[in-house]
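>>> Based on what follows, work out the 3D shape:
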Amino acid sequence: MTAGFFDPASPDAITIARLGWTMFVAAAVILAALTWLTLRALRPGRRAVRARWWIVAGGLAFPVLGLTALLAWSAVATARLSPQTSLTPLRIAVTGHMWWWQVRYTDPATGREIALANELHIPVGRPVWLALGAGDVIHAFWVPALGGKIDMIPGRMHGLRVQAQRAGTYRGQCAEYCGEQHARMALDVVARPPAEFDAWLAAQAWPAAPPAHAQLARGQAVFLAQRCQACHAVRGVTPEVRGATLGPDLTHVGSRRTIAAGTLPTHAAALAGWLADPQAHKPGARMPATRALDGADLRALAAWLESLK
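Model prediction:
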């Protein structure tokens, strides 16, 4: 995981970082100069400087020359940012919900939609257009290492062009306060080499694999008996019904690094804890608890979800 702003990984993020650091250094130099002048003026025995020199030097010459130079440089630097256009080879829809991210791709082979959650995979070196929206309240998409931050407003679609220069995993975060669990609305952006990305996308287009043994079959049966499909879709297991997008698509949930938008790592024990009492991990989350399940059913359900790679 990268350090974000301090380790930019896209051309735009590098430009923004240089701009930010230049402004920071300029402000530090100005502060140091003013401090030095103040301390020098307080020393006893110093000859007073005429007021008109302060006005000419500090009130006219410095703002006109120094700040105008910074303004001109920043204008040139921001003009180098990539133009915002949806005419890119790859377009991905990202929708913010309380408190998770829905990510949708188009299968290049069939044209069908591929949905996943809380992870955004992109190919290295290719520009990507993100169509950003919100399903409930205002959110904001921000991945500091890739540059750019934009609001996500219900009823509107905003766009952002991103491009990663190198492979890696970059943390994103909702940057607009959206309620109790705003701080736990993280997004992983995984940049892969193009060939690896194409293979990953092809794998994500597949439906869930059949259970490999009896315990996993029991977990799938528990999932359906508990009517988890009312909110969650698992392609190949649940019918495509209206309302199954209230929660994240779980078709390949076992392949994701985390669950609940970065709250817990993805493994059977964490999944069992989350299923038993989501409120203990993420108070306010809309996921209901499954306390009525006995231990064997809970472990089977968690194992089946973990197996959905």
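
>>> Pull stretch 85-93 out as CSV, backbone CA atoms only.
Output in CSV follows, covering the C-alpha atoms of stretch 85-93 (Å, rounded to 0.1, in the frame of the first residue of the first chain):
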residue,chain,number,x,y,z
THR,A,85,-12.5,13.2,-21.3
SER,A,86,-14.5,10.0,-21.4
LEU,A,87,-12.9,9.0,-24.7
THR,A,88,-10.7,6.4,-23.1
PRO,A,89,-10.4,2.7,-23.9
LEU,A,90,-11.7,1.6,-20.5
ARG,A,91,-14.7,3.1,-18.6
ILE,A,92,-15.7,2.0,-15.1
ALA,A,93,-18.7,3.0,-13.1
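
>>> what about it, distance to the chain center?
Centre-to-centre, stretch 85-93 and its host chain are 17 Å apart (Cα atoms, centre = their mean, to the nearest Å).

>>> So what touches that stretch?
102-106, 120, 122-123, 126-131, 133, 159, 161 (Cβ atoms under 8 Å, 6 or more residues apart in numbering). C-beta here means a position set from N, CA and C on the backbone, and glycine is covered the same way.

>>> Please apply the same query to stretch 94-101.
102-104, 117-118, 120, 130-137, 139-141, 152, 174, 178-179, 181-182, 184-185, 187, 247-248, 260-261, 282, 284-286.

>>> Can you flag the buried ones in these?
Buried subset of the contacts of stretch 94-101 (neighbour count, 16 or more other Cβ atoms under 10 Å): 102-104, 117-118, 120, 130, 132-134, 137, 139-141, 152, 174, 178, 181-182, 184-185, 187, 247-248, 260-261, 282, 285.

>>> Look at the residue nearest the centre of the chain and give its secondary structure.
Geometric centre of the chain, nearest residue: G172, 2.7 Å, by Cα atoms, centre = their mean. Secondary structure, DSSP: H, G, I helix; E, B strand; the rest coil: G172 is strand.

>>> Need the per-residue pLDDT for it.
At G172, the model reports a pLDDT of 94.

>>> how near is it to G20?
18 Å (Cβ to Cβ, to the nearest Å).

>>> Could you do K282 as well?
Taking Cβ to Cβ, one finds K282 at 32 Å from G20.

>>> residue ranges of the strands in the stretch 201-309 of the chain, please?
258-259, 264-265 (DSSP state E, counting those that start in this stretch).

>>> nearest to L71, of those?
Nearest to L71 among the strands of the stretch 201-309 of the chain is strand 258-259; the distance by Cβ to Cβ comes to 42.5 Å.

>>> and that closest one, what does it pack onto?
strand 264-265, helix 268-276 (3 or more Cβ pairs under 8 Å, 6 or more residues apart in numbering; DSSP states H and E).

>>> which regions of the stretch 201-309 of the chain sit below the pLDDT cut-off?
241-244 (pLDDT under 70).

>>> Please apply the same query to the stretch 1-150 of the chain.
1-5.

>>> Quick check on T263: phi, psi?
For T263, the backbone dihedrals are phi -80, psi -40 (criterion: degrees, to the nearest 10).

>>> quick one: it from A75, how far?
T263 is 42 Å from A75, by Cβ to Cβ.

>>> Surely D12 and Q84 touch.
No: counting by Cβ atoms under 8 Å, Q84 is not a contact partner of D12; they are 10.1 Å apart.

>>> circling back to that earlier point, what about T263 and A75, which has more around it?
Set T263 next to A75 and count neighbours by other Cβ atoms under 10 Å: T263 wins out with 20 against 9.
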